[in-house]
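Engineer: What would the 3D arrangement of this be:
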Amino acid sequence: MLGSRKTANQHPKLKTQHPNKMNKKLIVSSISILLVLPILTLAYVTPPPPGSGYTFEQVVQGAFNIIWPILAAATAVIFLIAAFMFVTSQGDPTKVAAARQAVIWGVVGLIAAIISFSMPNIIRVLSGL
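Structural biologist: Purely as a prediction, here's the structure:
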């Protein structure tokens, strides 16, 4: 009876994890924590002191700095799609018309992007800033 005691490795219902699996889990969790920590520390933004808020010009310039790349990328994608539609149309009038519409909308997007890029200067001139 003394030698009949089963260890965890011998007992079928008791499962132990292999040490390599534990090491992998430990490494993955450590790396993920280390990758998330900078994001958490950079998430805190100190507010500006009272009286030193953003000016109207800074807000408009910041908004258009965000809008400009998005519109430029969307316009480039529309032109690529239109070019693909022209290539694959094989002379079919309905497909050529759809590709032509895509080119027209690409031009409209390009014009909107140019206007949005020049909008801060237009607002500055019209408001006298």
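Engineer: switch to C-alpha atoms for all contacts and neighbour counts from now on
Structural biologist: Fine.
Engineer: need the helices for the protein, in chain order.
Structural biologist: Assigned by DSSP state H, the helices in the chain fall at 19-42, 56-88, 93-127.
Engineer: so which of these comes closest to Pro50?
Structural biologist: helix 56-88 (16.3 Å; Cα to Cα).
Engineer: circling back to that earlier point, and the helices of the chain as JSON lines, adding mean neighbour count?
Structural biologist: Converted to JSON lines, the helices of the chain look like this (neighbours: other Cα atoms under 10 Å):
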{"stretch": "helix 19-42", "mean neighbour count": "11"}
{"stretch": "helix 56-88", "mean neighbour count": "15"}
{"stretch": "helix 93-127", "mean neighbour count": "15"}
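Engineer: Now render these as CSV, adding distance to Pro50.
Structural biologist: Below are those laid out as CSV (distance: least, Cα to Cα, whole Å):
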stretch, distance to Pro50
helix 19-42, 22
helix 56-88, 16
helix 93-127, 25
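Engineer: domain assignment for this structure?
Structural biologist: Annotated domains of the chain cover 7-42, 56-124 [automatic domain parsing].
Engineer: from the chain's centre, how far out does the longest one sit?
Structural biologist: How far domain 56-124 lies from its chain's middle: 19 Å, per Cα atoms, centre = their mean, to the nearest Å.
Engineer: Give me the distance between the two termini of that domain.
Structural biologist: End-to-end span of domain 56-124 (Cα to Cα, to the nearest Å): 10 Å.
Engineer: I am finished for the moment; much appreciated.
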